[in-house]
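S.K.: below are the sequence and a predicted model; questions follow.
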Amino acid sequence: MSSSRSPRGTPVQPEVMSLRAIVTKEVRRFWSVLGQTVTAPVVTALLFLLVFSHVLEGRESGYPGVAYTQFLVPGLMMMQVLQNAFANTSSSLAQSKIMGNIVFLLMAPLSARDLYIGYISAALLRSTLVALAIFVFTWPFVHLPIAHPFALLAIMLLAAGTMGSLGIIAGIVATKFDHIAAFQNFLIMPLTFLSGVFYSVHGLPELWYEISLFNPFFYMIDGFRYGFFGTADVSIWRSLAWSLGFFAATATTAIAWLGSGYRLRG
C-alpha cells in the first residue's frame with residue numbers, strides 16, 4: 001500500500017493517516033455539539049457550587065486554611081472530568097455499533113492500540129476542556145491556588161484515561177443506549193458521589209471511611225485536590241498508585257477487547 005506525503009514531503013504511513021482520521025472524527029463529534037459536551041457540564045458544576053456553597057456556608061472543609069467553597073470546586077471539576085471522559089468514549093462506540101458503521105473502523109489499517117489511542121485522545125481533550133472551563137468560570141467567585149501542578153496534571157490525565165477506558169468497555173458491552181445509561185446511573189454516578197466530592201472522608205463514620213478507601217474514584221478526587229492545596233486525606237503517592245493501577249487494568253481490558261473483536265463484529 002502506498003504512503004501519502006505530509007506537506008513537507010515526508011511519507012505518511014497508512015496507519016498514521018488512519019489514526020489521525022479517527023482522532024479527528026472523535027474530536028469533531030463532540031465539538032459539533034459543544035453546548036452539550038462542554039457547556040452543560042460547566043453549568044451543572046456552577047449550579048452545584050451555588051447550591052452547596054449556600055446551604056453549607058461556613059462549614060469546615062477539613063483542610064487547614066481552605067474554605068469549603070475552595071474545597072468544593074476541585075471535586076466538582078474532577079466529577080465532571082470523570083463523567084465526560086466516560087460519556088465520550090461509551091456513547092461514540094455504542095453509537096457506531098448501533099448504526100452499523102463500526103465496520104469501517106474495523107476494516108481500517110488500525111491496531112487495537114491505535115483504536116484505543118484515537119478514542120482516548122478525544123476523551124482526554126473533552127475532559128480537559130471541561131475542567132479548564134469550570135476553573136475559568138468559577139475563578140471570579142473562588143480563587144484556587146495550584147500547589148503541585150505536575151501532580152494535578154498527572155492525576156487528571158490518569159482519571160480521564162481510566163474513565164475513557166471504562167467507557168470503551170461499556171460501549172463494547174452495550175447493545176443499546178439504555179445499557180450506557182445503566183452504567184452511568186448504577187456505577188459511575190454512585191461511585192462519584194460517594195468519593196468525597198462534597199465532603200472530606202475523615203468526617204465519615206469509621207465503617208464508611210474504610211469503605212471509601214476501596215473506591216478508586218476517591219483517590220482520583222483526593223489526589224486532584226492535593227494538586228491545588230498541597231494537602232489531602234491520604235498520601236499523594238497512594239492516590240497516584242491507585243489511579244495508575246485502575247488505569248492499567250481498564251486500559252488493558254479495553255485494548256484486549258478491541259483487539260479480539262469481542263461484541264464488535266456481530
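M.R.: All right, it came through fine. In this text, all values refer to a predicted model and were calculated from it rather than measured experimentally.
S.K.: low-confidence ranges, the stretch 1-150 of the chain, go.
M.R.: Counting by pLDDT under 70, the low-confidence segments of the stretch 1-150 of the chain come to 1-15, 56-58.
S.K.: ok, which stretches of it are helices?
M.R.: 14-31, 34, 40-55, 68-99, 102-107, 112-138, 149-173 (DSSP state H, counting those that start in this stretch).
S.K.: Gln95: neighbour count?
M.R.: Counted with other C-beta atoms under 10 Å, residues neighbouring Gln95 total 16. The C-beta positions use only the backbone N, C-alpha and C, and glycine is treated the same way.
S.K.: scratch that, Thr192
M.R.: 24.
S.K.: picking that back up, with respect to Asn215, which of the helices of the stretch 1-150 of the chain lies nearest?
M.R.: helix 68-99 (11.8 Å; C-beta to C-beta).
S.K.: in the closest one, what counts as buried?
M.R.: Of the residues in helix 68-99, 68-97 count as buried by neighbour count, 16 or more other C-beta atoms under 10 Å.
S.K.: same check on stretch 100-108?
M.R.: Neighbour count says stretch 100-108 has Ile102, Leu105, Ala108 buried, by 16+ other C-beta under 10 Å.
S.K.: wait, Tyr209 touches Ser200, no?
M.R.: No. At 10.0 Å, Tyr209 does not count as touching Ser200 under the criterion of C-beta atoms under 8 Å.
S.K.: export the buried residues of stretch 100-108 to JSON lines and tack on distance to Thr138?
M.R.: Listed next are the buried residues of stretch 100-108 as JSON lines, based on distance: C-beta to C-beta, whole Å:
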{"residue": "Ile102", "distance to Thr138": "38"}
{"residue": "Leu105", "distance to Thr138": "38"}
{"residue": "Ala108", "distance to Thr138": "41"}
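S.K.: and Leu191, what does it touch?
M.R.: Shown in contact with Leu191 (C-beta atoms under 8 Å, 6 or more residues apart in numbering): Asn215, Pro216, Phe217.
S.K.: tell me the pLDDT of the residue nearest to the second one when sequence neighbours are not counted.
M.R.: Spelled out, that is Pro216. Distance criterion C-beta to C-beta, 6 or more residues apart in numbering; nearest residue to Pro216, sequence neighbours excluded, is Phe246 at 4.4 Å. Turning to Phe246, the model gives it a pLDDT of 97.
S.K.: give me the element Phe246 is part of.
M.R.: Remark: Phe246 resides in helix 236-260, with elements defined by DSSP states H and E.
S.K.: any buried residues in that helix, and which?
M.R.: Across helix 236-260, burial judged by 16+ other C-beta under 10 Å covers 236, 239-240, 242-244, 246-247, 250-251, 254-255, 257-258.
S.K.: my read is that Ala174 contacts Ala181, right?
M.R.: No. The criterion here is C-beta under 8 Å, and Ala174 misses it with Ala181 at 9.3 Å.
S.K.: who has more neighbours, the two?
M.R.: Between Ala174 and Ala181, counted using other C-beta under 10 Å, the more crowded position is Ala174 (22 against 12).
S.K.: any idea how far the residue nearest to Pro216 is from Tyr219?
M.R.: Taking C-beta to C-beta, to the nearest Å as the criterion, Phe246 is separated from Tyr219 by 8 Å.
S.K.: Arg113 now?
M.R.: Counting by C-beta to C-beta, the gap from Arg113 to Tyr219 is 26 Å.
S.K.: Leu207 now?
M.R.: Where Tyr219 is concerned, Leu207 sits at a distance of 19 Å (C-beta to C-beta).
S.K.: quick one, which of these two is more surrounded?
M.R.: Between Leu207 and Tyr219, counting by other C-beta under 10 Å, Tyr219 is the more crowded of the two (30 against 8).
S.K.: what's near enough to touch that one?
M.R.: Contacts for Tyr219 (C-beta under 8 Å, 6+ apart) come out as Val234, Arg238, Ser239, Trp242, Ser243.
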